[in-house]
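**Student:** Model the following, please.
(one chain, ligands or ions: 1)
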Amino acid sequence: GNKKKLPPGPIPLPLIGNLHNIFGAPPHKSMERLANKYGSIISLKLGRLPTIVISSSAVAKEAVRKHDSAFSSKTPKDAVEAHNHHKFSIVWLPVDSGRRKSLRTILNSCIVTANKLDANQDLRSTKISELIAYCHRCSQTGDAVDFGIAASDIAINVLSNTIFSADLVDLCEKSEKKFKDVIRSITFQIGKFNMVDYFPVLKWIDPQGINGSTCAGFAEMFRIFGDFIDERLEQRKKNQKTKDVLDILLNMSEENDGNIDMDRNQIEHLCLDLFIAGTDSSSATLEWAMLELMKNPHAMKKAKAELAQVVGKKEAIKEADLVRLPYLHCILKETLRIHPPVPLLSRKAEQEFELCGYFVPKSSQVIINIWSIGRDPTIWKDPLVFKPERFWGSNVMDIRGQDDFKLVPFGVGRRMCPAISLAMRTVPIMLGSLLNSFDWVVEGDDYLDVEEKSGLIVGKLRPLRLVPISL
Ligand code: HEM
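**Tutor:** Residues are numbered from 1 along each chain as shown. Below you'll find the model as predicted:
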């Protein structure tokens with residue numbers, strides 16, 4: 001056959017290529033529509049950027065099994081080149097970079113191991129109790145809990161306690177903006193459609209202007225992290241030890257026996273990545289799960305019954321309880337199947353390769369549409385129905401894609417989310433705690449819609465507002 005045959009796809013227009021084919025709807029939906037027409041591997045031209053879109057678990061499996069290293073790098077976005085972030089970032093460094101490999105090893109072996117997470121779980125459980133206390137106050141006044149705000153605030157504080165043993169969400173020392181607003185604007189800048197990523201010539205015309213807005217946000221975050229580092233170094237001189245991630249990283253920088261310089265700069269860039277990757281993804285999942293439970297009262301009832309039986313009504317849930325809450329776990333899987341907060345995995349082919357008989361050119365963007373894999377009717381019966389039971393009993397399906405890449409909300413291959421174990425503790429604990437202490441009702445004549453917000457992380461467009469009723 002013809003080795004250089006590109007996958008099928010709509011005909012590109014001059015200059016804009018196929019950008020017009022993906023505008024008008026969220027990109028994961030547009031791409032699913034195109035896949036329905038052209039197949040589970042298609043080619044597009046987005047501005048100047050040749051793009052291959054994979055939309056089935058079978059093609060994704062072949063790509064990862066045979067060519068993972070060939071397409072596990074990323075095309076840096078202009079926004080993340082601010083402060084040279086792409087040169088220190090686990091998310092953006094190329095897959096063969098030694099620095100990236102060390103950062104992955106550090107996360108896997110020192111930060112998200114069961115031991116470390118057990119050791120610092122108290123830092124998180126205090127935050128959960130505060131969330132519950134807040135909901136009790138709302139229950140007394142009859143006010144709704146706004147999940148758009150509450151979920152993201154708690155996600156930030158849970159993570160900032162895991163990393164710094166401190167609440168960062170409302171921090172605004174020496175600045176007008178709160179920490180949460182800074183993260184929000186950075187995430188927005190990185191996630192939004194940016195012409196320069198598709199027409200690199202623009203960068204040449206205006207080299208300064210484009211990533212200016214992320215620059216300011218990054219600087220603000222680095223200043224905050226830097227202050228924590230200074231303060232911690234002082235405490236360490238007095239021999240005060242903590243159990244958080246910052247201490248682990250500072251130990252590394254003192255021992256200096258790794259093959260990476262865990263210096264101040266590297267710590268700051270790593271923390272930035274953890275906050276960008278770890279807050280909205282967790283809060284969006286919590287909000288989607290709550291929404292689906294409100295729409296599916298039988299699942300809500302079953303989840304509450306399981307909690308009442310295993311931990312006892314109104315009792316606080318400990319992370320160790322999670323293994324005994326299989327239905328809660330099924331709810332998380334089902335939520336991540338229908339509403340993956342990261343619907344598109346976007347990679348870059350470092351070399352050309354052949355996939356399912358088609359040619360994938362060097363430097364093209366390779367996208368795996370995990371949103372459409374989760375809704376693929378050839379894999380899932382009634383794909384649009386929320387049915388946690390599909391994962392019950394012998395049907396347990398691995399959330400890391402081990403089952404033929406059918407369920408891949410945390411990504412695939414070498415760039416798979418390194419914090420699955422942390423996310424799969426914090427999100428179910430938050431959700432379970434909210435269910436175990438309250439009944440929830442929709443506020444007023446509000447309704448439960450599934451409209452999505454577009455951006456780096458796909459959460460609910462209109463915040464879910466629910467009134468808690470203390471049990
Ligand atoms: C429910 C919550 C979460 C979901 C659904 C999720 C999903 C993902 C996905 C799909 C990727 C792969 C992106 C790609 O291949 O292009 C990823 C990467 C990543 N995630 Fe998560 N994530 C979650 C929570 C977290 C948390 C809590 C953290 C950190 C504290 C985190 C840190 C990261 C990092 C650092 C990467 C980049 C890995 C690399 O490029 O090697 N994530 N995540």
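**Student:** Report pLDDT for the nearest residue to Ser40 once chain neighbours are set aside.
**Tutor:** Distances taken as CB to CB, 6 or more residues apart in numbering put Ser56 closest to Ser40, at 3.6 Å, once the chain neighbours are dropped. Yep, even glycine has a C-beta here, placed from its N, CA and C like the rest. Per-residue pLDDT puts Ser56 at 96.
**Student:** what's the burial count for Ser56?
**Tutor:** 21 (other CB atoms under 10 Å).
**Student:** Now for the protein, the helix or strand with the poorest mean pLDDT.
**Tutor:** helix 201-205 (a mean of 74; mean pLDDT, DSSP states H and E).
**Student:** Show me which positions of that one end up buried.
**Tutor:** 202-203 (16 or more other CB atoms under 10 Å).
**Student:** And the next helix or strand past it?
**Tutor:** helix 212-237 (DSSP states H and E).
**Student:** show me what contacts the most centrally placed residue in the chain?
**Tutor:** The chain has Ser281 as the residue nearest its centroid, 3.5 Å off, counting by CA atoms, centre = their mean. Residues in contact with Ser281 (CB atoms under 8 Å, 6 or more residues apart in numbering) are 341-342, 423, 457.
**Student:** Next: Asn239.
**Tutor:** Here Asn239 is in contact with no residue (CB under 8 Å, 6+ apart).
**Student:** Wasn't it part of a strand?
**Tutor:** No. Counting by DSSP: H, G, I helix; E, B strand; the rest coil, one finds Asn239 to be coil, located in no strand.
**Student:** for the stretch 1-150 of the chain, what spans make up the helices?
**Tutor:** With DSSP state H, counting those that start in this stretch as the criterion, the stretch 1-150 of the chain has helices at 19-22, 27-38, 57-67, 98-106, 114-119, 121-141, 147-164.
**Student:** Quick check: which helices or strands does the first one pack against?
**Tutor:** Spelled out, that is helix 19-22. Judged by 3 or more CB pairs under 8 Å, 6 or more residues apart in numbering; DSSP states H and E, helix 19-22 is in contact with helix 27-38, strand 41-46.
**Student:** which one of those lies closest to the ligand?
**Tutor:** helix 27-38 (12.3 Å; CB to the nearest ligand atom).
**Student:** List of residues touching that closest one?
**Tutor:** 7-10, 21-25, 42, 44, 53, 55-56, 343-344, 367, 369, 371-372, 375, 454, 458.
**Student:** Pull out the buried members of those residues.
**Tutor:** By 16+ other CB under 10 Å, these give 7, 9-10, 21-22, 42, 44, 53, 55-56, 343-344, 367, 369, 371-372, 375, 454, 458 as buried.
**Student:** could you dump the helices and strands packed on helix 19-22 to CSV with mean pLDDT and distance to the ligand?
**Tutor:** Below are the helices and strands packed on helix 19-22 laid out as CSV (pLDDT from 0 to 100; distance: least, CB to the nearest ligand atom, whole Å):
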stretch, mean pLDDT, distance to the ligand
helix 27-38, 96, 12
strand 41-46, 96, 16
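**Student:** Which one of those lies nearest to Ala419?
**Tutor:** Among the helices and strands packed on helix 19-22, the nearest to Ala419 by CB to CB is helix 27-38 (22.0 Å).
**Student:** Let me know the angle separating the closest one from helix 57-67.
**Tutor:** 100 degrees (axes from the mean of the first three to the mean of the last three CA atoms, to 10 degrees).
**Student:** How far off centre is helix 27-38?
**Tutor:** 22 Å (CA atoms, centre = their mean, to the nearest Å).
**Student:** for stretch 261-273, same thing?
**Tutor:** 19 Å.
**Student:** In that stretch, which of the residues would be classed as buried?
**Tutor:** Buried, per 16+ other CB under 10 Å, within stretch 261-273: 262, 264, 266-273.
**Student:** near the ligand, from those residues?
**Tutor:** Asp273 (CB under 6 Å from any ligand atom).
**Student:** List just the nearest of the buried residues of stretch 261-273 to the ligand.
**Tutor:** Taking the buried residues of stretch 261-273 together and measuring to the ligand by CB to the nearest ligand atom, the closest member is Asp273, at 4.9 Å.
**Student:** Helix or strand for the closest residue to the ligand within the stretch 201-350 of the chain, just tell me which one.
**Tutor:** Relative to the ligand, the nearest point of the stretch 201-350 of the chain is Gly278 (3.0 Å; CB to the nearest ligand atom). Taking DSSP H and E as the definition, Gly278 sits inside helix 264-295.
**Student:** could you say what helices and strands the helix or strand that that helix is followed by packs with?
**Tutor:** For helix 264-295, the succeeding helix or strand toward the C-terminus, using DSSP H and E, is helix 297-310. With contacts taken as 3+ CB pairs under 8 Å, 6+ apart, helix 297-310 sits against helix 264-295, helix 326-338, helix 420-437.
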